Each structure stands twice: as C-alpha cells, then as structure tokens.
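[1] just a sequence and a predicted model for now, questions to come.
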Amino acid sequence: MSPNFEAMTSKELIAYALAHREEVEPLRVLYERRSPDSETVWFSPPQSKEEEQQQFELFKKMVKEREEKYRRENPPA
C-alpha cells in the first residue's frame, strides 16, 4: 500500500521521493504544491542607479520575508 503523500509535509515528501526515485506519484504531489506563477515577481532592467538600488532593497526584503516564513513553518527539530 502506498503512503498518503497528500498528508506528508513537503520535507517528508522530498525525503520519500529521494529514497524512492522510481515512483512518480510523490513527484506529482510535490509539483502540485509549487507556488503558482501569479506569485512571481518580475523585475525590469533598472534605468538608473537609484532604481537599481530600489530593486535590490525590495529583493532583499522579499528574501528575508520568505526566510522568516520558512523558519516559522519548519522549526528546528
């Protein structure tokens, strides 16, 4: 009987998929969990040094927010 992939955390699912590389179902579930493209942020090439700095600061803020979210959702064992 196959495990309930839907009930697994992403971390558990990745570990399972790596240990059972011949199985496709865990990869399908992982693929379905991916972030939708609507969350994608596109940066245009900056037209000035000021705009470049603004984009860089925004990018750093986004990375920090995602790191914090990851830490909240995946506390150390």
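    Thanks, I have the structure now. Numbering: from 1, shown residues only.
[2] and the longest helix along the chain, what's its mean pLDDT?
    Secondary structure of the chain read by DSSP state H shows that its longest helix is helix 49-73. In this model, helix 49-73 has a mean pLDDT of 94.
[3] one more: stretch 28-44?
    On average, stretch 28-44 scores 81.
[4] what's the burial count for the nearest residue to Phe59 once chain neighbours are set aside?
    Of all residues not flanking Phe59 in the chain, Phe43 sits nearest, at 7.3 Å (CB to CB, 6 or more residues apart in numbering). (Glycine included, C-beta is placed from N, CA and C.) By the criterion of other CB atoms under 10 Å, Phe43 has 11 neighbours.
[5] now do Leu13
    For Leu13, using other CB under 10 Å, the count is 19.
[6] again, but for the one 5 residues further on
    Taking other CB under 10 Å as the neighbour definition, Leu18 ends up with a count of 9.
[7] before we move on, the earlier item: quick one, phi/psi of the residue nearest to Phe59?
    Main-chain torsions, Phe43, degrees, to the nearest 10: phi -110, psi 130.
[8] what of Gln47?
    Backbone torsions of Gln47, given as degrees, to the nearest 10, read phi -100, psi -10.
[9] change the start of the numbering to 852 and stick with it
    Sure, I'll start numbering at 852, so the last one becomes Gln898.
[10] who's in contact with it?
    Listed by CB atoms under 8 Å, 6 or more residues apart in numbering, the contact set of Gln898 is empty.
[11] so how far is Pro897 from Val914?
    Counting by CB to CB, to the nearest Å, the separation of Val914 from Pro897 is 18 Å.
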